[in-house]
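Enquirer: need coordinates for the below:
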Amino acid sequence: STMTTLCYSQVIAKREWQSYFNSPVAYVFIVIFLALSGFFTFQVSHFYEAGQADLQDFFVWHPWLYLILVPAVTMRSWAEERRSGTMELLLTLPIQPMAAIVGKFVAAWLFMGLALLLTLPIVFTVNFLGEPDGGAILCGYVGSFLMAGAYVAVGMFTSSLTRNQVISFILAVVIGLLLILAGYPPVTELLSSWAPAAAVDTIA
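Expert: Numbering: from 1, shown residues only. The predicted model follows:
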């Protein structure tokens, strides 16, 4: 039943969440994410020289940070289970595959949410320096959290394809890079040039 699936998902999510903090991986990831977020926001984007109190440059870098850091978190989710043989044990338990998938996904997504939440001091800094648009910042955080979920889904998918964590990491980075580049003007213009003129006229 749906309730049983949710209960098992909660158990799996709790197990995965604890596994993150039972090793240095979680702490290293959070420190690197916070350090890079601050560095790109204040140094690379020349925040102080711009003289404008907003977090546009902060959110602009998130797709690139997630491109490397999220696959590093998710690459072990299924690959390690397959390599160590615990995946067969997990699937022999009275747990539906959907419950295991949802549980692992929720744990990784909430972990990303925690890392994102810890960047709030940057928001406080910007509010101290000026009067930014709070609504825009809130929408930026919601969008970044949803984008992190998309990266987590890609990372878990590639992790399920192989026993090797490095291969999973590389595949997730490649897919994430393609998704990022798909929204850039040079790529969209190139794709538009390939579209038949008649089809473009019909749509217009």
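Enquirer: from here on, just use CA atoms for contacts and neighbour counts.
Expert: Noted.
Enquirer: now the residue nearest the centre of the chain. Its backbone dihedrals?
Expert: The chain has A148 as the residue nearest its centroid, 2.6 Å off, counting by CA atoms, centre = their mean. Backbone torsions of A148, given as degrees, to the nearest 10, read phi -60, psi -40.
Enquirer: ok, it touching Y66?
Expert: Yes - if you go by CA atoms under 8 Å, A148 and Y66 touch, sitting 6.8 Å apart.
Enquirer: what helix or strand is V102 located in?
Expert: According to DSSP states H and E, V102 maps onto helix 97-117.
Enquirer: what about that helix, average pLDDT?
Expert: For helix 97-117, mean pLDDT rounds to 88.
Enquirer: the helix or strand that it is followed by: how far from the chain's middle?
Expert: Next helix or strand after helix 97-117 toward the C-terminus (DSSP H and E): helix 120-129. Helix 120-129 sits 23 Å away from the centroid of its parent chain (CA atoms, centre = their mean, to the nearest Å).
Enquirer: likewise stretch 174-190?
Expert: The chain centroid and the centroid of stretch 174-190 are separated by 17 Å under CA atoms, centre = their mean.
Enquirer: give me the contact list for that stretch.
Expert: Contact partners of stretch 174-190, identified using CA atoms under 8 Å, 6 or more residues apart in numbering, comprise P63, L67, Y151, V154.
Enquirer: in it, what's buried?
Expert: Going by neighbour count (16 or more other CA atoms under 10 Å), the buried part of stretch 174-190 is G176.
Enquirer: pLDDT of it, averaged?
Expert: For stretch 174-190, mean pLDDT rounds to 83.
Enquirer: next, the buried residues of the helix holding V102.
Expert: Neighbour-count burial for helix 97-117, counted by 16+ other CA under 10 Å, picks out 99-113, 115-116.
Enquirer: so which residues of this structure form helices?
Expert: Here the chain has its helices, by DSSP state H, at 2-21, 25-39, 47-50, 56-60, 62-74, 79-84, 86-92, 97-117, 120-129, 134-159, 165-181, 185-194, 197-203.
Enquirer: where among the ones you listed is average confidence lowest?
Expert: Mean pLDDT across the helices of the chain is lowest at helix 197-203; the value there is a mean of 50.
Enquirer: check whether W109 really touches Y151, as I assumed.
Expert: No - assessed by CA under 8 Å, W109 is found out of contact with Y151, at 9.1 Å.
Enquirer: check contacts around G103.
Expert: Residues counted as contacts of G103 (CA under 8 Å, 6+ apart) are Y8, S9, Q10, V11, I12, A13, K14, E16.
Enquirer: brilliant, that's me finished.
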